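**Student:** sequence and predicted structure, then a few things I'm wondering about:
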Amino acid sequence: MINTLTECQKKLLNDFLSSPLCMESYENLASKITINEILEALLVTKNQDDISVIIEVVKRLATFGVIDDIIIDNEKSIEILRKGSASQDTNIRLLIAYIIYSISNNTKTCKKLCENGLYLLIGTLIKDKDISIGESASKSLKQIASSFPEYVYNDKLLNIIKSDFSSLKDEARLRILDSYVSIGSISEELFENCQKKSSIYSLVLKEYFTDDILLKLVSIKLLEDMGEYKWGIEFIVSNSTPELLIKDLIDPMFDDDIKISITYLISRMINNHPEMSSNVLNMLNKSFINIFKEFMLSFSQNNNLNKTICAINSWGLFTTKYSSFQSLISEWEGSIQKMLDYLTNSNSDISLASLNSWVVLFESSEIKDIINNLKTSFNFKQLIENKLIPIILTDIISKPFPENRTLIYRLLTLMIPHFSSISSSLCSSNKLRDLILNFNSDSNKELLYIKYDMVKQMMKYDKDTVKSLSNEHFYNSMEEYVSFGPFYRSSSAEMKVKDAAI
């Protein structure tokens, strides 16, 4: 065993660090000193310069991909890692966390990491007072969850993690919970197993629903992230009440950021449980709808972008079901006009968010009922016909950016089955006809697929309209387009482009 590095060994390690990272430099190092000897020296030497050199060497070996297989199959190396994870030296613990993450990054070595129990070190490292060590362990845990999920809810690991959970610093507790919130998004089954074995998601709610204002401020993100997947929001709905969140929403102690998070979270709850919408909107003297209005108007009145983006996105979440959309419109009918106004806003973030929420509306499984039966003081279907469609068709020319056209093509594709006027307008305008057949108009691959879907919808629902309102060549080209697929190029359109260039 090496107790301290000799001058010769120091030179060997420094030469390796200064040489190109290649098989020759690795073989030269390995012929004179083994990985185990390097790791052993790391644990016994007290010289900080030596420790720094060894750490850099091991990291370099891990980057080169030669260390994982050697360590994971060697009992001595495994024991060294176990001892290193309990070292008083932060740099050594950080290196151990780095090695474990490197091993977990490969499916083959990750499996061995789990089978030989080395993954249990994550339970200790994830609680480390050093942020970098804890975050590295968190990433390793997520890697294991994606490949071998049964190990993240293993009793041994959970016992280590929860052994002193309540006495951990806030930062460490939140790191652990954040890791499991992320892991829970992988599948509903994994979420349920983690909750069944550890009540880990109950702890997430406990962290937020506390009297500690500062803890609320940092833990709201956990609820927000958990609300991003269906079974996560279901858990929140089943184990808390919107009223508790609304109380926080109107609490003057909370800043805009937490209010934005709560507003969006409640909207996610309504999105999953539209039957709650009327009750939520009338809770605590209609506090939610008042905040919603304030947020929606905030950009116009106070130039507050984040609040308005939140309201726009929340509006989209309400529109996915007839009952929740009707509840919202009954409280504030003017939100529809505001959403139309924001489509033409000069701020691209506002206009794109608004466009996306209109897409969300038309993606609703109840869109037909919404279009025809939404109770408003005006004809909702006619409003779409007279205002929304003209805005969209103007923007498809005036905003030729991929992020705009992706949403516009998607929206038109969804609207065509309900509004034949769209196909009529697309066929009646020379600019729009050229846009459809001009292969240079859209080069983004994803965009071409979405545009192709729109063309298919036109020919499926409005074939006769396309034929009657355009010339024979355009109609034939559209038929060819449908037949050939998204990368179709009209020969005449190609000639037209060439002529324009000349």
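**Tutor:** Structure's in. What do you need? Numbers count the residues shown, from 1 in each chain.
**Student:** my guess is residue 156 meets residue 119, correct?
**Tutor:** No - counting by Cβ atoms under 8 Å, residue 156 stays clear of residue 119, with 9.5 Å between them. Every residue, glycine included, has its C-beta placed from N, CA and C.
**Student:** which one of these two has more residues nearby?
**Tutor:** Neighbours per residue, other Cβ atoms under 10 Å: of residue 156 and residue 119, the larger number sits with residue 119, 25 against 12.
**Student:** strands along the protein, start to end?
**Tutor:** Remark: strands of the chain are absent; assignment by DSSP state E.
**Student:** output the longest helix belonging to it.
**Tutor:** The longest helix of the chain (DSSP state H) is helix 277-302.
**Student:** residues of it that come out buried?
**Tutor:** Residues of helix 277-302 classed as buried by neighbour count (16 or more other Cβ atoms under 10 Å): 277-278, 280-281, 283, 286-299.
**Student:** contact partners for the residue nearest to residue 400 when sequence neighbours are not counted?
**Tutor:** Closest residue to residue 400 apart from its sequence neighbours, by Cβ to Cβ, 6 or more residues apart in numbering: residue 441 at 7.4 Å. Residues near residue 441 by Cβ atoms under 8 Å, 6 or more residues apart in numbering: 400, 434-435.
**Student:** what's the spacing between residue 441 and residue 405?
**Tutor:** 9 Å (Cβ to Cβ, to the nearest Å).
**Student:** just the buried residues from the contacts of residue 441, in ChimeraX please.
**Tutor:** Those of these that count as buried under 16+ other Cβ under 10 Å are selected in ChimeraX with:
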select :434,435
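**Student:** now the contacts of residue 441 in JSON lines, with pLDDT?
**Tutor:** Shown next, in JSON lines, are these (pLDDT from 0 to 100):
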{"residue": "400", "pLDDT": "93"}
{"residue": "434", "pLDDT": "92"}
{"residue": "435", "pLDDT": "93"}
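**Student:** of the contacts of residue 441, which is the nearest to residue 191?
**Tutor:** residue 400 (42.2 Å; Cβ to Cβ).
**Student:** what about residue 376, neighbour count?
**Tutor:** 12.
**Student:** give me the pLDDT value at it.
**Tutor:** On pLDDT, residue 376 comes in at 97.
**Student:** so it touches residue 335, yeah?
**Tutor:** No - Residue 376 lies out of contact with residue 335 (Cβ under 8 Å); the separation is 10.8 Å.
**Student:** ok, residue 149 - contacts?
**Tutor:** 183, 186-187, 190, 193.
**Student:** in helices, which of these fall?
**Tutor:** Per DSSP H, those map to helices at 183, 190, 193.
**Student:** Produce a ChimeraX select command limited to the buried residues of the residues you listed.
**Tutor:** Buried subset of those, written as a ChimeraX selection, criterion 16+ other Cβ under 10 Å:
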select :183,190,193
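**Student:** from residue 399, how far off is the closest residue to residue 210 other than its chain neighbours?
**Tutor:** Spatial nearest neighbour of residue 210, excluding adjacent residues (Cβ to Cβ, 6+ apart): residue 216 at 6.5 Å. Applying Cβ to Cβ, the value for residue 216 to residue 399 is 40 Å.
**Student:** look at those two and report which has more neighbours.
**Tutor:** Each of residue 216 and residue 399 has its neighbours counted (other Cβ under 10 Å); residue 216 has more, 20 against 16.
**Student:** output the below-cut-off pLDDT ranges for the stretch 51-200 of the chain.
**Tutor:** Of all residues in the stretch 51-200 of the chain, none has pLDDT under 70.
**Student:** domain assignment for the protein?
**Tutor:** By the assignment in automatic domain parsing, the chain contains the domains 164-240, 242-378, 391-502.
**Student:** now the end-to-end length of the shortest one.
**Tutor:** Distance between the two ends of domain 164-240: 26 Å, counting by Cα to Cα, to the nearest Å.
**Student:** when you give positions from now on, start the count at 488
**Tutor:** Yes, from this point I'll number from 488; that puts the last item at domain 651-727.
**Student:** any idea how far that domain is from the chain center?
**Tutor:** Averaging C-alpha positions (Cα atoms, centre = their mean, to the nearest Å) puts domain 651-727 17 Å from its chain's average.
**Student:** please apply the same query to stretch 833-852.
**Tutor:** 18 Å.
**Student:** for it, buried residues please.
**Tutor:** Quick answer for stretch 833-852 (16+ other Cβ under 10 Å): 837-849, 851.
**Student:** follow-up on the earlier one: dump the domains of the chain to TSV, plus distance to residue 498.
**Tutor:** As requested, the domains of the chain are exported to TSV (distance: least, Cβ to Cβ, whole Å):
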stretch	distance to residue 498
domain 651-727	40
domain 729-865	54
domain 878-989	53
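**Student:** count the neighbours of residue 684 for me.
**Tutor:** Quick note: residue 684 (other Cβ under 10 Å) scores 14 neighbours.
**Student:** what about it, distance to residue 637?
**Tutor:** Look at residue 684 and residue 637: by Cβ to Cβ, they are 10 Å apart.
**Student:** what do you get for residue 824?
**Tutor:** 53 Å.
**Student:** next one: residue 581
**Tutor:** 28 Å.
**Student:** over to residue 724?
**Tutor:** From residue 724 to residue 637 the distance is 27 Å (Cβ to Cβ).
**Student:** who has more neighbours out of these two?
**Tutor:** More crowded of residue 724 and residue 637, by other Cβ under 10 Å: residue 724, with 17 against 11.
**Student:** where do the helices sit along the stretch 888-989 of the chain?
**Tutor:** Ranges of helices in the stretch 888-989 of the chain, per DSSP state H, counting those that start in this stretch, are 889-902, 908-915, 917-924, 932-948, 950-956, 959-971, 978-988.
**Student:** can you put those in TSV and add distance to residue 689?
**Tutor:** Formatted as TSV, these follow (distance: least, Cβ to Cβ, whole Å):
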stretch	distance to residue 689
helix 889-902	38
helix 908-915	49
helix 917-924	54
helix 932-948	40
helix 950-956	56
helix 959-971	53
helix 978-988	60
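**Student:** list the contacts of residue 802.
**Tutor:** Counted by Cβ under 8 Å, 6+ apart, residue 802 has contacts 783, 815, 822, 826, 844.
**Student:** at 7 Å instead, please
**Tutor:** Taking Cβ atoms under 7 Å, 6 or more residues apart in numbering, we find residue 802 in contact with 822, 826, 844.
**Student:** and residue 920, by the same measure?
**Tutor:** Residues near residue 920 by Cβ under 7 Å, 6+ apart: 914, 957, 961.
**Student:** swap in residue 503?
**Tutor:** 512, 516, 544.
**Student:** nearest spatial neighbour of the second one, skipping sequence neighbours?
**Tutor:** Leaving aside its sequence neighbours, residue 516 sits nearest to residue 503 (Cβ to Cβ, 6+ apart; 4.6 Å).
**Student:** just the last one next, same as before
**Tutor:** Sequence neighbours aside, residue 500 is the residue nearest to residue 544 in space, at 5.1 Å (criterion: Cβ to Cβ, 6+ apart).
**Student:** touching, that neighbour and residue 538? I think so.
**Tutor:** No - at 11.4 Å, residue 500 does not count as touching residue 538 under the criterion of Cβ atoms under 7 Å.
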